[in-house]
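>>> here is my input, please return the structure:
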Amino acid sequence: MDFRIRPATSEDIEDLAKLLSVLYAIEKDFTPDRRKQLKGLTMMLGASEERIVLVAERQSAIIGMVTGQITISTAEGGLSAIIEDLVVQAPFRGKGVGKKLLLAVENWARSMGVVRVTLLADKDNLPAADFYDKAGWGKTNMICRKKESFHSEAEESRMHHQSQGRAKRAHNA
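Alright, predicted model coming up:
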């Protein structure tokens, strides 16, 4: 099957959001929300060498995607990359698309001087777990956690800082 891997562009954003809705329908921690996915994709596609969105394209149609972001690993004393959002449209799964996307994002990470790569996958997505096992990705003893109330706490903090800024400006006027 003919397809190519290339960096995503802003023209791809609608197709990428559709792919994310496919992925988030599988993952229990997320609910597809087009507005949020478009916002996140816009941020990912912004000018930065520390993140990348790659797409698999076949006959001008996007059939898969993967994202990568660079952080710093204090454990390794160097750069680390987090790979997320690897998704391939159902009719193209099992045909090497995911494997080539994963290899492409790994190669990007190497080219950026990354010394450690990790990825997140839904623990109940057994086909994905099998795919990563076959691709040489081992399990770790680390677990991923999230703070359920973080969004509301962050919003409260942002609103508090805004109101303090308005009060200060009004006082100085």
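>>> and Asp12, that one's in a helix?
Yes. Membership of Asp12 in a helix is supported by DSSP: H, G, I helix; E, B strand; the rest coil.
>>> pretty sure it contacts Ile62?
Yes. With contact defined as Cβ atoms under 8 Å, Asp12 counts as touching Ile62 (5.9 Å). Yep, even glycine has a C-beta here, placed from its N, CA and C like the rest.
>>> which residues are in contact with each of those two?
Val55 (Cβ atoms under 8 Å, 6 or more residues apart in numbering).
>>> list the buried residues for stretch 75-90?
Within stretch 75-90, the residues scored as buried using 16 or more other Cβ atoms under 10 Å are 79-89.
>>> which of those residues sits closest to Val53?
Asp85 (8.0 Å; Cβ to Cβ).
>>> and the closest one, how far from Gly64?
Between Asp85 and Gly64 the distance is 10 Å, computed by Cβ to Cβ, to the nearest Å.
>>> residues contacting Leu20?
Neighbours of Leu20 in contact, by Cβ under 8 Å, 6+ apart: 32, 37, 41, 65, 85, 87.
>>> of the residues you listed, closest to Lys100?
The closest of these, once distances to Lys100 are taken by Cβ to Cβ, is Met65, at 11.9 Å.
>>> how about the secondary structure of the closest one?
Quick answer, by three-state DSSP: Met65 is strand.
>>> among the contacts of Leu20, which one lies nearest to Glu57?
Met65 (9.9 Å).
>>> isn't the closest one right up against Ala56?
Yes. Taking contacts as Cβ under 8 Å, Met65 lies within contact range of Ala56: 7.2 Å.
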